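# no sequence for this one, just the structure:
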(Lines give C-alpha, C1' and ligand atoms only; values in the text may rest on other atoms or scores of the structure.)
Protein backbone atom coordinates (compact mmCIF):
# COMPACT_ATOMS: atom_id res chain seq x y z
CA UNK A 1 0.00 0.00 0.00
CA UNK A 2 1.21 3.51 -0.76
CA UNK A 3 1.14 6.28 1.82
CA UNK A 4 -1.90 7.80 0.11
CA UNK A 5 -5.08 6.98 2.13
CA UNK A 6 -7.16 6.97 -1.05
CA UNK A 7 -5.18 4.04 -2.44
CA UNK A 8 -4.59 0.46 -1.36
CA UNK A 9 -6.98 -2.35 -0.44
CA UNK A 10 -10.10 -1.91 1.71
CA UNK A 11 -12.20 -4.88 2.78
CA UNK A 12 -15.68 -4.52 4.29
CA UNK A 13 -17.03 -7.55 6.16
CA UNK A 14 -20.81 -7.19 6.25
CA UNK A 15 -22.72 -6.52 3.03
CA UNK A 16 -25.85 -4.97 4.47
CA UNK A 17 -26.90 -1.35 5.10
CA UNK A 18 -23.75 -0.16 6.91
CA UNK A 19 -21.42 -1.99 4.53
CA UNK A 20 -23.10 -0.62 1.41
CA UNK A 21 -23.28 2.96 2.65
CA UNK A 22 -19.62 2.80 3.72
CA UNK A 23 -18.62 1.56 0.27
CA UNK A 24 -20.55 4.37 -1.40
CA UNK A 25 -18.95 6.95 0.88
CA UNK A 26 -15.46 5.58 0.20
CA UNK A 27 -15.92 6.10 -3.53
CA UNK A 28 -17.56 9.51 -3.01
CA UNK A 29 -14.54 10.57 -0.92
CA UNK A 30 -12.18 9.64 -3.73
CA UNK A 31 -10.97 6.18 -2.72
CA UNK A 32 -9.49 4.70 -5.90
CA UNK A 33 -8.05 1.44 -4.59
CA UNK A 34 -9.52 -2.07 -4.59
CA UNK A 35 -12.70 -2.57 -2.58
CA UNK A 36 -14.12 -5.94 -1.49
CA UNK A 37 -17.46 -6.55 0.29
CA UNK A 38 -17.96 -9.87 2.04
CA UNK A 39 -21.46 -11.00 3.05
CA UNK A 40 -22.78 -14.22 4.55
CA UNK A 41 -26.13 -13.91 2.79
CA UNK A 42 -26.18 -14.71 -0.90
CA UNK A 43 -28.43 -11.81 -1.88
CA UNK A 44 -27.33 -8.17 -2.38
CA UNK A 45 -27.93 -5.62 0.42
CA UNK A 46 -31.59 -5.13 1.35
CA UNK A 47 -33.64 -3.05 3.75
CA UNK A 48 -34.66 -4.71 7.03
CA UNK A 49 -37.32 -2.38 8.54
CA UNK A 50 -39.98 -3.42 5.97
CA UNK A 51 -39.59 -7.07 6.98
CA UNK A 52 -41.67 -6.70 10.16
CA UNK A 53 -44.10 -4.28 8.54
CA UNK A 54 -44.95 -4.31 4.81
CA UNK A 55 -43.61 -7.83 4.15
CA UNK A 56 -45.60 -9.45 6.96
CA UNK A 57 -48.69 -7.58 5.80
CA UNK A 58 -48.27 -9.03 2.32
CA UNK A 59 -47.83 -5.59 0.76
CA UNK A 60 -44.24 -6.15 -0.40
CA UNK A 61 -42.58 -9.48 -1.31
CA UNK A 62 -39.58 -10.34 0.85
CA UNK A 63 -37.30 -10.36 -2.21
CA UNK A 64 -38.34 -6.81 -3.22
CA UNK A 65 -36.74 -4.92 -0.32
CA UNK A 66 -33.35 -4.33 -1.92
CA UNK A 67 -31.40 -1.22 -0.98
CA UNK A 68 -30.82 1.15 -3.89
CA UNK A 69 -27.20 1.92 -4.66
CA UNK A 70 -26.62 5.66 -4.63
CA UNK A 71 -23.54 5.22 -6.81
CA UNK A 72 -21.53 2.43 -8.41
CA UNK A 73 -19.05 1.25 -5.79
CA UNK A 74 -16.84 -0.66 -8.29
CA UNK A 75 -16.33 -3.43 -5.74
CA UNK A 76 -15.71 -7.14 -5.74
CA UNK A 77 -18.71 -8.74 -4.05
CA UNK A 78 -18.06 -11.97 -2.11
CA UNK A 79 -21.62 -12.94 -1.19
CA UNK A 80 -22.82 -16.20 0.31
CA UNK A 81 -19.57 -16.81 2.16
CA UNK A 82 -18.95 -16.33 5.88
CA UNK A 83 -15.91 -14.62 7.39
CA UNK A 84 -14.34 -16.91 10.01
CA UNK A 85 -11.46 -14.82 11.31
CA UNK A 86 -9.02 -11.96 10.99
CA UNK A 87 -5.24 -12.23 10.97
CA UNK A 88 -4.22 -8.72 12.09
CA UNK A 89 -0.50 -9.36 11.70
CA UNK A 90 -0.85 -10.69 8.16
CA UNK A 91 -3.72 -8.31 7.39
CA UNK A 92 -6.00 -11.01 6.02
CA UNK A 93 -9.68 -11.89 6.41
CA UNK A 94 -10.23 -15.64 6.57
CA UNK A 95 -13.32 -17.08 4.86
CA UNK A 96 -15.31 -20.27 5.42
CA UNK A 97 -14.49 -21.55 1.92
CA UNK A 98 -10.80 -21.61 2.84
CA UNK A 99 -9.83 -18.50 0.92
CA UNK A 100 -8.24 -15.36 2.32
CA UNK A 101 -8.73 -11.72 1.40
CA UNK A 102 -5.81 -9.34 2.09
CA UNK A 103 -6.49 -5.80 3.26
CA UNK A 104 -4.74 -2.57 4.13
CA UNK A 105 -7.78 -1.27 6.01
CA UNK A 106 -10.71 -3.30 7.29
CA UNK A 107 -14.26 -2.27 8.18
CA UNK A 108 -16.26 -4.62 10.41
CA UNK A 109 -19.99 -4.20 9.75
CA UNK A 110 -21.30 -7.69 10.50
CA UNK A 111 -24.39 -6.46 12.38
CA UNK A 112 -26.59 -8.78 14.40
CA UNK A 113 -28.69 -11.92 14.10
CA UNK A 114 -31.89 -12.92 15.84
CA UNK A 115 -31.47 -14.48 19.28
CA UNK A 116 -32.68 -18.06 18.89
CA UNK A 117 -34.99 -20.04 21.16
CA UNK A 118 -32.62 -21.65 23.70
CA UNK A 119 -33.96 -25.21 23.33
CA UNK A 120 -32.71 -26.42 19.96
CA UNK A 121 -35.21 -29.28 19.65
CA UNK A 122 -38.12 -26.92 20.35
CA UNK A 123 -36.67 -24.28 18.01
CA UNK A 124 -36.63 -26.87 15.22
CA UNK A 125 -40.40 -27.47 15.42
CA UNK A 126 -42.29 -26.58 12.26
CA UNK A 127 -44.06 -23.32 13.07
CA UNK A 128 -41.31 -21.73 15.20
CA UNK A 129 -39.78 -18.63 13.59
CA UNK A 130 -37.38 -15.79 14.20
CA UNK A 131 -37.35 -12.59 12.15
CA UNK A 132 -34.12 -11.00 11.01
CA UNK A 133 -33.43 -11.89 7.38
CA UNK A 134 -35.42 -11.57 4.21
CA UNK A 135 -35.71 -15.35 4.11
CA UNK A 136 -37.12 -15.31 7.66
CA UNK A 137 -39.73 -12.72 6.67
CA UNK A 138 -40.72 -14.57 3.51
CA UNK A 139 -41.26 -17.86 5.35
CA UNK A 140 -43.22 -16.19 8.15
CA UNK A 141 -45.40 -14.20 5.73
CA UNK A 142 -46.21 -17.41 3.85
CA UNK A 143 -47.26 -19.10 7.08
CA UNK A 144 -49.42 -16.10 8.07
CA UNK A 145 -51.04 -16.24 4.62
CA UNK A 146 -52.17 -19.76 5.48
CA UNK A 147 -54.28 -18.40 8.36
CA UNK A 148 -52.95 -19.97 11.55
CA UNK A 149 -55.41 -20.34 14.42
CA UNK A 150 -53.17 -18.44 16.85
CA UNK A 151 -49.77 -16.78 16.73
CA UNK A 152 -47.63 -16.69 19.87
CA UNK A 153 -45.02 -13.92 20.00
CA UNK A 154 -42.31 -14.33 22.63
CA UNK A 155 -40.91 -10.92 23.55
CA UNK A 156 -42.61 -7.51 23.39
CA UNK A 157 -39.82 -5.26 22.20
CA UNK A 158 -40.14 -3.29 18.98
CA UNK A 159 -39.82 -6.29 16.67
CA UNK A 160 -42.25 -8.42 18.65
CA UNK A 161 -44.75 -5.57 18.92
CA UNK A 162 -44.56 -4.79 15.19
CA UNK A 163 -45.15 -8.46 14.37
CA UNK A 164 -48.14 -8.50 16.72
CA UNK A 165 -49.51 -5.41 15.01
CA UNK A 166 -49.17 -6.99 11.55
CA UNK A 167 -50.88 -10.16 12.74
CA UNK A 168 -53.83 -8.25 14.20
CA UNK A 169 -54.12 -6.19 11.02
CA UNK A 170 -54.43 -9.51 9.20
CA UNK A 171 -57.21 -10.50 11.62
CA UNK A 172 -55.19 -13.27 13.29
CA UNK A 173 -55.49 -14.22 16.95
CA UNK A 174 -52.31 -13.16 18.75
CA UNK A 175 -50.81 -13.83 22.18
CA UNK A 176 -47.76 -11.83 23.27
CA UNK A 177 -45.67 -13.09 26.20
CA UNK A 178 -43.27 -10.71 27.94
CA UNK A 179 -41.31 -11.32 31.13
CA UNK A 180 -41.20 -7.58 31.88
CA UNK A 181 -44.12 -5.45 33.12
CA UNK A 182 -45.18 -4.07 29.72
CA UNK A 183 -44.37 -3.97 25.99
CA UNK A 184 -41.56 -1.62 24.92
CA UNK A 185 -40.70 -0.93 28.57
CA UNK A 186 -37.06 -1.85 28.01
CA UNK A 187 -36.73 0.87 25.38
CA UNK A 188 -39.16 3.56 26.55
CA UNK A 189 -39.67 3.05 30.30
CA UNK A 190 -42.79 2.57 32.37
CA UNK A 191 -44.98 5.47 31.24
CA UNK A 192 -44.99 4.67 27.53
CA UNK A 193 -44.81 0.96 28.28
CA UNK A 194 -48.17 1.24 30.04
CA UNK A 195 -49.57 3.11 27.02
CA UNK A 196 -48.29 0.36 24.70
CA UNK A 197 -49.94 -2.31 26.87
CA UNK A 198 -53.27 -0.48 26.82
CA UNK A 199 -53.20 -0.08 23.05
CA UNK A 200 -52.23 -3.70 22.36
CA UNK A 201 -55.12 -4.95 24.45
CA UNK A 202 -57.46 -2.44 22.81
CA UNK A 203 -56.50 -3.96 19.45
CA UNK A 204 -57.35 -7.46 20.62
CA UNK A 205 -53.92 -8.76 21.60
CA UNK A 206 -53.87 -11.37 24.37
CA UNK A 207 -50.99 -9.66 26.20
CA UNK A 208 -49.41 -11.59 29.05
CA UNK A 209 -46.79 -9.69 31.03
CA UNK A 210 -44.75 -10.90 33.98
CA UNK A 211 -44.60 -14.44 32.56
CA UNK A 212 -42.18 -16.47 30.48
CA UNK A 213 -42.65 -19.28 28.01
CA UNK A 214 -41.10 -22.33 29.62
CA UNK A 215 -41.58 -24.78 26.76
CA UNK A 216 -42.74 -25.00 23.16
CA UNK A 217 -44.64 -28.22 22.52
CA UNK A 218 -45.22 -30.38 19.49
CA UNK A 219 -44.24 -33.56 17.71
CA UNK A 220 -42.41 -32.25 14.68
CA UNK A 221 -44.93 -29.43 14.38
CA UNK A 222 -45.71 -26.75 16.98
CA UNK A 223 -48.97 -27.32 18.85
CA UNK A 224 -48.66 -24.97 21.83
CA UNK A 225 -46.64 -23.53 24.67
CA UNK A 226 -46.42 -23.70 28.45
CA UNK A 227 -45.95 -20.64 30.66
CA UNK A 228 -44.23 -19.97 33.95
CA UNK A 229 -47.59 -19.36 35.64
CA UNK A 230 -48.64 -22.94 34.92
CA UNK A 231 -50.98 -22.16 32.02
CA UNK A 232 -50.88 -23.65 28.54
CA UNK A 233 -51.74 -22.13 25.15
CA UNK A 234 -52.65 -23.78 21.85
CA UNK A 235 -50.73 -22.14 18.99
CA UNK A 236 -49.56 -23.27 15.57
CA UNK A 237 -47.10 -20.41 14.98
CA UNK A 238 -44.59 -18.97 17.44
CA UNK A 239 -42.27 -16.06 16.69
CA UNK A 240 -39.23 -15.78 18.95
CA UNK A 241 -38.52 -12.05 19.39
CA UNK A 242 -35.92 -12.12 22.16
CA UNK A 243 -33.63 -9.46 20.75
CA UNK A 244 -30.40 -9.72 18.80
CA UNK A 245 -26.97 -11.31 19.05
CA UNK A 246 -24.03 -9.30 17.74
CA UNK A 247 -21.99 -11.14 15.15
CA UNK A 248 -18.58 -11.07 16.81
CA UNK A 249 -17.75 -14.75 17.39
CA UNK A 250 -15.67 -14.87 14.22
CA UNK A 251 -13.33 -12.32 15.83
CA UNK A 252 -12.51 -14.49 18.87
CA UNK A 253 -8.87 -15.03 17.80
CA UNK A 254 -8.37 -11.57 16.29
CA UNK A 255 -7.03 -9.87 19.46
CA UNK A 256 -9.63 -7.14 18.96
CA UNK A 257 -11.86 -5.85 21.79
CA UNK A 258 -14.84 -7.81 20.48
CA UNK A 259 -17.43 -9.65 22.53
CA UNK A 260 -21.16 -10.15 23.10
CA UNK A 261 -21.75 -6.39 23.37
CA UNK A 262 -20.01 -5.58 20.09
CA UNK A 263 -16.68 -4.42 18.67
CA UNK A 264 -15.41 -1.62 20.88
CA UNK A 265 -14.20 1.41 18.93
CA UNK A 266 -13.45 5.07 19.55
CA UNK A 267 -15.66 7.96 18.43
CA UNK A 268 -13.83 7.87 15.08
CA UNK A 269 -14.89 4.22 14.55
CA UNK A 270 -11.34 2.87 15.01
CA UNK A 271 -11.45 -0.52 16.74
CA UNK A 272 -9.57 -1.16 19.97
CA UNK A 273 -7.46 -4.26 20.43
CA UNK A 274 -7.87 -6.44 23.50
CA UNK A 275 -5.22 -4.44 25.38
CA UNK A 276 -7.05 -1.14 24.93
CA UNK A 277 -4.79 0.18 22.15
CA UNK A 278 -6.66 1.81 19.32
CA UNK A 279 -5.91 0.39 15.88
CA UNK A 280 -5.42 2.54 12.82
CA UNK A 281 -6.35 0.01 10.16
CA UNK A 282 -9.45 -1.70 11.60
CA UNK A 283 -12.76 0.15 11.89
CA UNK A 284 -16.30 -0.80 12.97
CA UNK A 285 -19.75 0.56 12.10
CA UNK A 286 -23.42 -0.27 12.46
CA UNK A 287 -25.19 -2.63 14.84
CA UNK A 288 -21.96 -4.48 15.71
CA UNK A 289 -20.09 -1.35 16.85
CA UNK A 290 -19.80 -0.26 20.50
CA UNK A 291 -18.68 3.34 20.82
CA UNK A 292 -18.48 6.21 23.37
CA UNK A 293 -20.78 9.22 23.26
CA UNK A 294 -20.07 12.41 25.27
CA UNK A 295 -23.78 13.23 25.71
CA UNK A 296 -24.23 10.03 27.71
CA UNK A 297 -21.26 10.23 30.08
CA UNK A 298 -18.97 8.62 27.49
CA UNK A 299 -20.65 5.29 28.14
CA UNK A 300 -20.19 2.81 25.32
CA UNK A 301 -23.37 2.56 23.23
CA UNK A 302 -24.55 -0.31 21.08
CA UNK A 303 -27.37 0.73 18.72
CA UNK A 304 -29.59 -1.37 16.46
CA UNK A 305 -30.99 1.55 14.48
CA UNK A 306 -31.17 2.15 10.73
CA UNK A 307 -30.11 5.80 11.00
CA UNK A 308 -27.12 5.02 13.18
CA UNK A 309 -25.90 2.37 10.74
CA UNK A 310 -25.91 4.91 7.93
CA UNK A 311 -24.36 7.79 9.89
CA UNK A 312 -21.65 5.68 11.50
CA UNK A 313 -20.76 3.95 8.24
CA UNK A 314 -20.26 7.33 6.58
CA UNK A 315 -18.02 8.53 9.41
CA UNK A 316 -16.00 5.30 9.36
CA UNK A 317 -15.52 5.49 5.60
CA UNK A 318 -14.47 9.13 5.75
CA UNK A 319 -11.92 8.39 8.45
CA UNK A 320 -10.52 5.38 6.60
CA UNK A 321 -9.39 7.61 3.73
CA UNK A 322 -8.53 10.80 5.64
CA UNK A 323 -5.35 11.84 7.44
CA UNK A 324 -5.58 12.33 11.21
CA UNK A 325 -6.37 16.08 11.29
CA UNK A 326 -9.26 15.61 8.85
CA UNK A 327 -10.95 12.76 10.68
CA UNK A 328 -14.24 13.43 12.44
CA UNK A 329 -16.17 11.81 15.31
CA UNK A 330 -19.46 9.97 15.16
CA UNK A 331 -21.51 12.08 17.56
CA UNK A 332 -24.96 12.16 16.02
CA UNK A 333 -27.90 11.88 18.40
CA UNK A 334 -29.43 8.40 18.14
CA UNK A 335 -32.86 8.24 16.52
CA UNK A 336 -35.31 5.56 15.48
CA UNK A 337 -38.95 5.01 14.50
CA UNK A 338 -41.58 2.31 14.67
CA UNK A 339 -45.07 1.87 13.25
CA UNK A 340 -47.51 -0.33 15.18
CA UNK A 341 -51.20 -0.47 16.12
CA UNK A 342 -51.94 2.74 14.24
CA UNK A 343 -49.18 4.65 16.01
CA UNK A 344 -46.10 6.33 14.60
CA UNK A 345 -43.43 6.26 17.32
CA UNK A 346 -40.23 8.24 16.86
CA UNK A 347 -37.36 8.83 19.25
CA UNK A 348 -34.24 10.94 19.59
CA UNK A 349 -31.59 10.46 22.25
CA UNK A 350 -31.41 7.49 24.63
CA UNK A 351 -34.63 7.11 26.65
CA UNK A 352 -33.08 4.45 28.87
CA UNK A 353 -30.42 6.96 29.97
CA UNK A 354 -32.89 8.70 32.26
CA UNK A 355 -34.30 8.92 35.75
CA UNK A 356 -37.40 11.01 34.99
CA UNK A 357 -39.86 11.54 32.18
CA UNK A 358 -42.46 14.22 31.51
CA UNK A 359 -45.27 14.44 28.96
CA UNK A 360 -44.20 17.76 27.47
CA UNK A 361 -46.85 17.91 24.73
CA UNK A 362 -50.17 16.21 24.09
CA UNK A 363 -51.62 13.52 26.35
CA UNK A 364 -51.42 9.82 27.11
CA UNK A 365 -55.21 9.59 26.99
CA UNK A 366 -55.25 10.66 23.33
CA UNK A 367 -52.13 8.62 22.47
CA UNK A 368 -50.74 11.74 20.84
CA UNK A 369 -47.80 13.17 22.75
CA UNK A 370 -44.14 13.96 23.19
CA UNK A 371 -42.44 12.41 26.24
CA UNK A 372 -39.17 14.05 27.27
CA UNK A 373 -36.63 12.15 29.35
CA UNK A 374 -34.10 13.60 31.77
CA UNK A 375 -31.10 12.39 33.70
CA UNK A 376 -29.80 14.26 36.72
CA UNK A 377 -31.47 17.48 35.63
CA UNK A 378 -30.72 17.54 31.90
CA UNK A 379 -32.62 16.43 28.80
CA UNK A 380 -31.38 13.13 27.34
CA UNK A 381 -34.17 11.90 25.04
CA UNK A 382 -37.60 12.56 23.58
CA UNK A 383 -40.18 10.16 22.15
CA UNK A 384 -43.13 11.25 20.03
CA UNK A 385 -46.35 9.31 19.47
CA UNK A 386 -48.19 10.57 16.37
CA UNK A 387 -46.51 13.95 16.92
CA UNK A 388 -43.15 13.72 15.18
CA UNK A 389 -42.96 17.31 13.92
CA UNK A 390 -41.84 18.50 17.37
CA UNK A 391 -38.83 16.22 17.72
CA UNK A 392 -36.28 18.50 16.09
CA UNK A 393 -36.86 21.04 18.87
CA UNK A 394 -36.05 18.43 21.49
CA UNK A 395 -33.06 17.14 19.56
CA UNK A 396 -31.49 20.56 20.02
CA UNK A 397 -32.21 20.40 23.75
CA UNK A 398 -30.41 17.05 23.95
CA UNK A 399 -27.41 18.33 22.00
CA UNK A 400 -27.04 21.32 24.30
CA UNK A 401 -27.66 19.37 27.54
CA UNK A 402 -30.61 21.66 28.30
CA UNK A 403 -32.14 21.60 31.79
CA UNK A 404 -34.84 19.06 32.63
CA UNK A 405 -37.78 19.46 32.75
CA UNK A 406 -37.73 21.55 29.58
CA UNK A 407 -39.24 25.00 29.56
CA UNK A 408 -42.31 25.50 27.35
CA UNK A 409 -41.07 26.12 23.85
CA UNK A 410 -43.22 24.21 21.40
CA UNK A 411 -46.86 24.34 20.40
CA UNK A 412 -49.54 21.92 21.60
CA UNK A 413 -48.56 21.97 25.25
CA UNK A 414 -49.37 19.01 27.49
CA UNK A 415 -52.49 18.67 29.55
CA UNK A 416 -50.22 17.91 32.53
CA UNK A 417 -46.44 18.38 32.59
CA UNK A 418 -45.38 16.85 35.90
CA UNK A 419 -42.17 14.75 35.83
CA UNK A 420 -42.42 11.17 37.08
CA UNK A 421 -39.81 8.40 37.43
CA UNK A 422 -38.95 6.95 34.03
CA UNK A 423 -39.11 3.39 35.42
CA UNK A 424 -36.54 1.87 33.09
CA UNK A 425 -36.17 -1.75 34.21
CA UNK A 426 -33.02 -3.81 34.42
CA UNK A 427 -32.64 -5.40 30.95
CA UNK A 428 -32.13 -8.78 32.61
CA UNK A 429 -35.75 -8.66 33.76
CA UNK A 430 -37.08 -8.49 30.18
CA UNK A 431 -37.78 -11.06 27.50
CA UNK A 432 -36.62 -8.75 24.73
CA UNK A 433 -33.19 -7.18 24.39
CA UNK A 434 -32.93 -3.39 24.13
CA UNK A 435 -32.26 -1.80 20.74
CA UNK A 436 -30.18 0.86 22.53
CA UNK A 437 -27.76 -0.61 25.04
CA UNK A 438 -25.70 1.46 27.45
CA UNK A 439 -22.83 -0.92 28.14
CA UNK A 440 -20.66 1.03 30.56
CA UNK A 441 -16.95 1.52 30.12
CA UNK A 442 -15.55 -1.99 30.59
CA UNK A 443 -14.40 -4.34 27.84
CA UNK A 444 -16.10 -7.69 27.35
CA UNK A 445 -12.84 -9.57 27.65
CA UNK A 446 -10.97 -9.76 30.96
CA UNK A 447 -7.23 -10.30 30.83
CA UNK A 448 -4.91 -11.83 33.39
CA UNK A 449 -1.40 -10.41 33.18
CA UNK A 450 1.27 -12.88 34.15
CA UNK A 451 4.75 -11.50 34.78
CA UNK A 452 7.65 -13.88 34.22
CA UNK A 453 9.58 -14.91 37.33
CA UNK A 454 12.95 -13.22 37.76
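Arrived safely. Not measured: the values here are computed from a predicted model.

# what bridges to residue 233?
residue 225 (DSSP bridges).

# List the contacts of it.
Neighbouring residues of residue 233 by CB atoms under 8 Å, 6 or more residues apart in numbering: 150, 152, 175, 224, 225, 226, 227. To be clear about C-beta, it is placed using only N, CA and C from the backbone, and glycine gets the same treatment.

# okay, the residues you listed in CSV with pLDDT and distance to residue 295 next?
Formatted as CSV, these follow (pLDDT from 0 to 100; distance: CB to CB, whole Å):
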residue, pLDDT, distance to residue 295
150, 98, 44
152, 98, 39
175, 98, 39
224, 98, 46
225, 98, 41
226, 98, 44
227, 98, 40
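
# nearest to residue 206, of these?
residue 175 (4.2 Å; CB to CB).

# helices and strands around the helix or strand where that closest one lies, which ones?
For residue 175, the host element (DSSP states H and E) is strand 174-178. Judged by 3 or more CB pairs under 8 Å, 6 or more residues apart in numbering; DSSP states H and E, the packing partners of strand 174-178 are strand 151-154, helix 158-169, strand 206-209.

# make it 10 Å
strand 151-154, helix 158-169, helix 185-202, strand 206-209, strand 222-227, strand 232-234, strand 237-240 (3 or more CB pairs under 10 Å, 6 or more residues apart in numbering; DSSP states H and E).

# Ok, which of the ones you listed comes nearest residue 20?
helix 158-169 (21.9 Å).

# before we move on, back to that, let's have the helices and strands packed on strand 174-178 in JSON lines, adding distance to residue 275.
Listed next are those as JSON lines, based on distance: least, CB to CB, whole Å:
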{"stretch": "strand 151-154", "distance to residue 275": "39"}
{"stretch": "helix 158-169", "distance to residue 275": "36"}
{"stretch": "helix 185-202", "distance to residue 275": "33"}
{"stretch": "strand 206-209", "distance to residue 275": "44"}
{"stretch": "strand 222-227", "distance to residue 275": "46"}
{"stretch": "strand 232-234", "distance to residue 275": "50"}
{"stretch": "strand 237-240", "distance to residue 275": "37"}
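
# who wins for proximity to residue 444 among the ones you listed?
helix 185-202 (20.5 Å).

# and the angle for the strand holding residue 175 with helix 185-202?
150 degrees (axes from the mean of the first three to the mean of the last three CA atoms, to 10 degrees).

# Kindly list the main-chain dihedrals of the most centrally placed residue in the chain?
Per CA atoms, centre = their mean, the C-alpha nearest to the average position across the chain is that of residue 304, at 1.7 Å. The phi and psi values for residue 304, taken as degrees, to the nearest 10, are phi -110, psi 60.

# My guess is it contacts residue 113. True?
No: if you go by CB atoms under 10 Å, residue 304 and residue 113 don't touch, sitting 11.3 Å apart.

# circling back to that earlier point, to residue 16, which of the helices and strands packed on strand 174-178 lies closest?
Short answer: helix 158-169, nearest of the helices and strands packed on strand 174-178 by CB to CB, at 16.3 Å.

# Quick one: work out the angle between that closest one and strand 174-178.
160 degrees.

# Mean confidence (pLDDT) on helix 158-169, please.
With pLDDT averaged residue by residue, helix 158-169 scores 97.

# ditto for stretch 281-288
Here the average pLDDT along stretch 281-288 is 97.

# so how far is that stretch off the chain centroid?
Chain-centre distance of stretch 281-288: 14 Å, with CA atoms, centre = their mean, to the nearest Å.

# For the residue nearest to residue 386 when sequence neighbours are not counted, which residues are in contact?
Excluding the flanking residues, the one nearest residue 386 by CB to CB, 6 or more residues apart in numbering is residue 368, at 4.6 Å. Contacts for residue 368 (CB atoms under 10 Å, 6 or more residues apart in numbering) come out as 343, 361, 362, 384, 385, 386, 387, 412.

# residues making contact with the worst-scoring helix or strand of the chain on mean pLDDT?
Using mean pLDDT, DSSP states H and E, strand 436-438 stands out as the lowest-scoring helix or strand of the chain, at a mean of 74. Contacting residues not belonging to strand 436-438 are listed as 186-187, 243-244, 246, 261-262, 290, 293, 296-297, 299-305, 308, 334, 336, 347, 349-353, 381, 424, 427 [CB under 10 Å, 6+ apart].

# Among the residues you listed, name the buried ones.
Applying 16 or more other CB atoms under 10 Å to those, the neighbour count classes 186-187, 243-244, 246, 261-262, 290, 293, 296, 299-305, 308, 334, 336, 347, 349-353, 381, 424 as buried.

# Could you tell me which of those residues are located in helices?
186, 187, 308 (DSSP state H).

# Neighbour count added to the contacts of residue 368, as a markdown table?
Below are the contacts of residue 368 laid out as a markdown table (neighbours: other CB atoms under 10 Å):
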| residue | neighbour count |
| --- | --- |
| 343 | 17 |
| 361 | 24 |
| 362 | 21 |
| 384 | 25 |
| 385 | 23 |
| 386 | 15 |
| 387 | 21 |
| 412 | 14 |
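
# what is the residue nearest to residue 266 when sequence neighbours are not counted paired to in the beta sheet?
In space, and not counting its chain neighbours, residue 266 is closest to residue 278: 5.5 Å by CB to CB, 6+ apart. On the basis of DSSP bridges, residue 278 takes part in beta bridges with residue 272.
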